[in-house]
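Colleague: got a predicted structure here, sequence first:
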Amino acid sequence: MDETIRNDIYDQAVQWVLEAGTIIKDEMNAPLDIETKSNPNDLVTVLDKRIEAYFVKNIKEQYSNHLIVGEEGYGDSITSLKGTVWIIDPIDGTMNFVHQKRNFAISVGIYQDGVGEIGIIYDVMSDILYHAKKGEGAYKNKEKLPQLTTDVKLTNAIIGMNHFWLCKNRLVDETTTQDFVKEVRGTRSYGSAALEFAYTAEGIENGYLSLGLSPWDVAAGIVIVNEVGGVTTDIDGNKINMLEKSSILTCNPILQDEIISFLQRGRK
Ligand code: 2AM
Ligand code: CA
């Protein structure tokens, strides 16, 4: 993507993300009208929808040839990543948003012909903006994030993963995931995939595993993690298809092979 065009899109996207954060903070204490989607714990509120509609309206007015994929369906329905595509989760971590009023993020990834060019993850309540442009490094607010450490092993790693990994009938046999949890130094479960990507980029987690995420949960995070030398695949080591849901492993590259082969032992 041309640098001047990319800088313009990036500046505009950051401005909309910050404005969307202000809307959320202004309105989050009004009655939220909570609904469920794929299952009783998959929540959506009027604000998830309102924020996505806000992005779609602005993008369509300013960049009429850009395409949009959004969790709440206000964007386009696309079958290819050709052109400039905004991949948006208006509120990632809706359960945290509803129950805790913190630990949720706005996630915006901007891809050109399938290549991640811009990633923005905004931790709204902490007012922390993680952001990256391809080839220009990743930032936490104004601070440039360093490349990931080369001094980490699985036994002293902190890995983000939720407790469903330890239940029966998941992607990996539960005895293997129990062994995995015992092998690593510690596990964390923050409830927002976008924030887990941001923490992996920041190096405060060494990786994050998910049983199943959609493109809007990972699009921005992949760009940001890439910029500090991190890697993202599915749990079998395959490249992510940004048009489909998949399992996710994002991590320090030093740990990648070991985590994948550990989980393969119990892979169903
Ligand atoms: P969401 O809040 O945007 O739905 C929770 O562990 C993380 O998984 C969140 O980032 C959440 O994103 C994501 N997730 C993806 N699919 C989900 C589902 N069907 N139900 C709940 N969380 C889901
Ligand atoms: Ca969401």
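Modeller: That came through fine. Ligands and ions are numbered 1, 2, ... in the order given.

Colleague: packing partners for the helix or strand containing residue 21?
Modeller: Element membership for residue 21 (DSSP states H and E) is helix 3-27. Secondary-structure packing of helix 3-27 (3 or more C-beta pairs under 8 Å, 6 or more residues apart in numbering; DSSP states H and E): helix 46-62, strand 84-92, strand 105-112, strand 115-123, strand 128-133. In short, each C-beta sits where N, CA and C put it, glycine included.

Colleague: can you list the ones you listed in TSV and add mean pLDDT?
Modeller: Shown next, in TSV, are the helices and strands packed on helix 3-27 (pLDDT from 0 to 100):
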stretch	mean pLDDT
helix 46-62	97
strand 84-92	98
strand 105-112	98
strand 115-123	98
strand 128-133	98
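
Colleague: near ligand 1 at all, the helix or strand that the helix holding residue 21 is followed by?
Modeller: Proceeding N to C from helix 3-27, the next assigned helix or strand is strand 35-36, under DSSP H and E. No: Strand 35-36 does not reach ligand 1 (C-beta under 6 Å from any ligand atom); its nearest approach is 9.3 Å.

Colleague: check stretch 183-192 too.
Modeller: Yes: applying C-beta under 6 Å from any ligand atom, one finds stretch 183-192 touching ligand 1 at 191-192.

Colleague: please identify the buried residues of that stretch?
Modeller: 184, 187, 190-192 (16 or more other C-beta atoms under 10 Å).

Colleague: just to check, residue 113 is in contact with residue 67?
Modeller: No: here residue 113 does not reach residue 67: they are 11.4 Å apart, not a contact under C-beta atoms under 8 Å.

Colleague: okay, and the closest residue to residue 210 other than its chain neighbours sits in which element?
Modeller: The shortest distance from residue 210 to any non-neighbouring residue, by C-beta to C-beta, 6 or more residues apart in numbering, is to residue 248 (4.2 Å). Assigned by DSSP H and E, residue 248 belongs to strand 246-251.

Colleague: CA-only coordinates of that strand in PDB, if you can.
Modeller: The C-alpha trace of strand 246-251 is given here as PDB (Å, rounded to 0.1, in the frame of the first residue of the first chain):
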ATOM      1  CA  SER A 246     -10.200 -21.000  13.200                       C
ATOM      2  CA  SER A 247      -8.200 -22.000  16.300                       C
ATOM      3  CA  ILE A 248      -5.400 -19.600  17.100                       C
ATOM      4  CA  LEU A 249      -1.900 -19.700  18.500                       C
ATOM      5  CA  THR A 250      -0.100 -16.300  18.600                       C
ATOM      6  CA  CYS A 251       3.200 -16.400  20.400                       C
END
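
Colleague: any idea of the mean pLDDT for that strand?
Modeller: If you average the pLDDT over strand 246-251, you get 98.
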